[in-house]
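[1] Turn this into a model:
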Amino acid sequence: PFAENRGFAGGVNPGLRVLEERGIDWVLVSNNDATMSPENLAVLVDAARTSTGLTAFGPTINYPSGEVQARGSKINWRNASVDHAAWPGEIDYLTWACALVSTKSLRKIGYLNESFFMYWEDADFGLRLQAAGGSLIVCENAIAVHEESATKSVIGPLTMRYATASMATFVGLYPRLRWAARYRLVMRV
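    Alright, predicted model coming up:
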């Protein structure tokens, strides 16, 4: 454990490095408020076994009610919104509330960008992976359940501050989102 909160990327990356150094080929990253049955994990692992390139796999992520929360995410570059259930269409990223990532991909493109304290780091990773020729694959039949509000209820009003700061960081890296994001950021403030 760390003495200070290093954010999502700052907390996940050290573990990813250790596993990569130990020769692990695939790493399942999962939020502490996400669960997946062994059967559903097996679907992800079986898909990963057939992959040879730079890849990351994501399950369908549901709310506890069974409603879909995320199934591949697509950024709308015109209005700075995100469709979190974009698959089977083209997707830009997988939410790291639960994702299976190859250490080969991590070696090629790097880890999560720690400039993001919370939110948007998974979007940046997905875009970098695809820019390097990698693939993001949704395994529709693998289901994870994410109690998204568990984290938000603990940090309360800070959620909006973290989301806004991370969007500003993302816009700095991807300027084509600048005009749409300015409007959204002004509205948040």
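[2] For residue 168, what are phi and psi?
    phi -60, psi -40 (degrees, to the nearest 10).
[3] Next one, pLDDT for it please.
    Looking at residue 168, its pLDDT reads 84.
[4] give me the number of residues near it?
    13 (other C-beta atoms under 10 Å). Heads up, the C-betas are built off the backbone N, CA and C, glycines and all.
[5] I'd like the distance between it and residue 123.
    13 Å (C-beta to C-beta, to the nearest Å).
[6] And residue 49, by the same measure?
    Residue 49 is 27 Å from residue 123, by C-beta to C-beta.
[7] So for these two, which sits in the more crowded spot?
    Neighbour count, other C-beta under 10 Å: between residue 49 and residue 123, residue 123 has more, with 23 against 10.
[8] roughly how far apart are the nearest residue to the more buried one once chain neighbours are set aside and residue 56?
    Spatial nearest neighbour of residue 123, chain neighbours left out: residue 93 (4.5 Å); criterion: C-beta to C-beta, 6 or more residues apart in numbering. From residue 93 over to residue 56 the distance is 9 Å, taken as C-beta to C-beta.
[9] residues touching residue 87, list them.
    Residues in contact with residue 87 (C-beta atoms under 8 Å, 6 or more residues apart in numbering) are 71, 72, 138, 140.
[10] what's the most distant pair in those?
    72 and 140 (9.4 Å; C-beta to C-beta).
[11] Of these two, which one has the most company?
    Legend: neighbour count by other C-beta under 10 Å for residue 72 and residue 140, higher for residue 72 (25 against 13).
[12] Return the residues in contact with that one.
    58, 85, 86, 87, 89, 91, 93, 94, 136, 138.
[13] What helices and strands are in contact with the helix or strand containing the first one?
    By that I understand residue 58. Element membership for residue 58, per DSSP states H and E: strand 55-62. Counting contacts by 3 or more C-beta pairs under 8 Å, 6 or more residues apart in numbering; DSSP states H and E, strand 55-62 is packed against helix 38-49, strand 68-70, strand 98-102, helix 121-131, strand 135-146.
[14] Not counting that strand itself, show me its contacts.
    Contacts of strand 55-62 (C-beta under 8 Å, 6+ apart): 34, 36, 40, 43-44, 47-48, 51, 68-72, 94-95, 97-102, 105, 125-126, 129, 134-146.
[15] which of the residues you listed count as buried?
    Neighbour counting with 16 or more other C-beta atoms under 10 Å marks 34, 36, 40, 43-44, 47-48, 51, 69-72, 94-95, 97-102, 105, 125-126, 129, 134, 136-139, 142-146 as buried within the contacts of strand 55-62.
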